[in-house]
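Participant: Based on what follows, work out the 3D shape:
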Amino acid sequence: MALINSLYIVAFALFIYGLMQMRGPRTAVAGNWVAAAGMGLAVVATLLIEGMGNWLLIGLGIAIGTVISIPAAYRVKMTAMPQMVALFNGLGGGAIALISWAQFRDTAGYAHEPVHAVIASLFAALVGSISFWGSLVAYAKLQELLPGKPLTLGRAQQPVNLALIVAAIAAAVVITTGGAAGWWMIALLAAAALIGLIVVLPIGGADMPVVISLLNALTGLSAAAKGIALDNTALIVAGMIVGASGSILTSLMAQAMNRSIPAIIAGGFGGTTTTSSSSGGSDRPIRSTSAADTAIQLAYASKVVVVPGYGMAVAQAQHAVKEIATLLETKNIDITFAIHPVAGRMPGHMNVLLAEAD
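Facilitator: All right, here's what the predicted structure looks like:
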């Protein structure tokens, strides 16, 4: 047991150090490898626990995950990285939800389990399922399998959200009292799945950075709760690191977008606003232009500030922007970039795309 605890401590130190290195582009790659090494060490330590389980099934699961994930990560285009992040994050939440269901079945409905373990497991099931299904919607929107525009239930949106939350909590209360049939757990997971779908569907594609960060934080919190239920130190620490960092990032992005966290959780944002022309009563003047007019203005400018956004990400126009910048520099025009922290499809997406184009 001393060896296992020592391995866990080293793994956690690698987690934290790797996260610290991800604060800057020069050290981010190394930080990613350090954190991955820590996770690998934590997995090894967990497998050393006596009576861990069926080694054949564990090995099969690791093999299948490796065969799927490594080629996917190598082949993904930089412009498609946000949806891969959303998908991989969602799979973590889904795994936690399935583990909670398995624990419910193995313990005959949490019979003789401590109350704190039951509550933590149900919380993990609820939040993990929300994260999984919400992440699938985020992936589908970014992959353009679903329309990027908000898909709402109109005035029924918030009442339906509230009804589903009440249903999930009611199922959790019944299960906590003991002796609940298996379909109560299925009902909880189904209600959580609908919450994840209905909350994320009304969110527009341009607001996905905040959604991905929020869902990432929820996955971390569900993992930490599952660690409490299973008395697994690795899940608790790793989950709290992800949950805390994701929550802070979500808060910072919400502030940058002049939005509140309650509005994000309620799904009350992300709607598209149609702005009319200046003659139609808009409170701000709008000037239309063409490619030719833009070229003339750029040619006679002394300083140009490029403000890239979601449109550049969708159009994959970063290389065209690079060509324009190079051409302007040959004419001794001062060109700079102003990048909003939430611009694009995920946090830092604009920086990544522009770096790809040098």
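
Participant: CA only for contacts and neighbour counts going forward, please
Facilitator: Fine.

Participant: just the helices in the stretch 51-200 of the chain please.
Facilitator: Under the criterion DSSP state H, counting those that start in this stretch, the stretch 51-200 of the chain contains helices at 55-75, 81-106, 115-142, 157-176, 182-200.

Participant: In JSON lines: these, plus mean neighbour count.
Facilitator: Formatted as JSON lines, the helices of the stretch 51-200 of the chain follow (neighbours: other CA atoms under 10 Å):
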{"stretch": "helix 55-75", "mean neighbour count": "11"}
{"stretch": "helix 81-106", "mean neighbour count": "21"}
{"stretch": "helix 115-142", "mean neighbour count": "26"}
{"stretch": "helix 157-176", "mean neighbour count": "17"}
{"stretch": "helix 182-200", "mean neighbour count": "21"}
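
Participant: closest one to residue 227 among these?
Facilitator: helix 115-142 (8.4 Å; CA to CA).

Participant: Show me how far the closest one is from its chain's centre.
Facilitator: When C-alpha coordinates are averaged (CA atoms, centre = their mean, to the nearest Å), helix 115-142 and its chain have centres 12 Å apart.

Participant: Would you mind splitting the chain into its domains for me?
Facilitator: Following the TED database, one finds the domains of the chain at 1-75, 78-268, 291-357.

Participant: Start and end of the first one, how far apart?
Facilitator: To tie it back to what came earlier, the one meant is domain 1-75. End-to-end distance for domain 1-75: 40 Å, by CA to CA, to the nearest Å.

Participant: Quick one: mean pLDDT for it?
Facilitator: For domain 1-75, the mean per-residue pLDDT is 88.

Participant: Next, count neighbours for residue 324.
Facilitator: Using other CA atoms under 10 Å, residue 324 has 14 neighbouring residues.

Participant: separation between it and residue 309?
Facilitator: Taken as CA to CA, the span from residue 324 to residue 309 is 16 Å.

Participant: where does the chain dip in pLDDT?
Facilitator: Confidence mapping of the chain against pLDDT under 70 gives the ranges 179, 205-206, 264-283.

Participant: Could you find the residue nearest the spatial middle of it?
Facilitator: residue 212 (3.0 Å; CA atoms, centre = their mean).

Participant: Just to check, it is in contact with residue 137?
Facilitator: No. In this structure, residue 212 is not within contact of residue 137 by CA atoms under 8 Å, at 10.4 Å.

Participant: and the angle from the helix or strand residue 43 falls within to helix 55-75?
Facilitator: Assigned by DSSP states H and E, residue 43 falls within helix 25-47. Counting by axes from the mean of the first three to the mean of the last three CA atoms, to 10 degrees, helix 25-47 points 170 degrees away from the direction of helix 55-75.

Participant: So which bits of helix 25-47 are buried?
Facilitator: 28, 31-32, 34-39, 41-42, 45-46 (16 or more other CA atoms under 10 Å).

Participant: which one among these gets closest to residue 75?
Facilitator: Sorting the buried residues of helix 25-47 by distance to residue 75 puts residue 32 at the head of the list, at 18.1 Å, by CA to CA.

Participant: Report the spatially closest residue to that closest one, excluding sequence-adjacent ones.
Facilitator: Distances taken as CA to CA, 6 or more residues apart in numbering place residue 18 nearest to residue 32, at 6.0 Å, with adjacent residues excluded.

Participant: so who does that neighbour touch?
Facilitator: By CA atoms under 8 Å, 6 or more residues apart in numbering, the contact set of residue 18 is 30-35.
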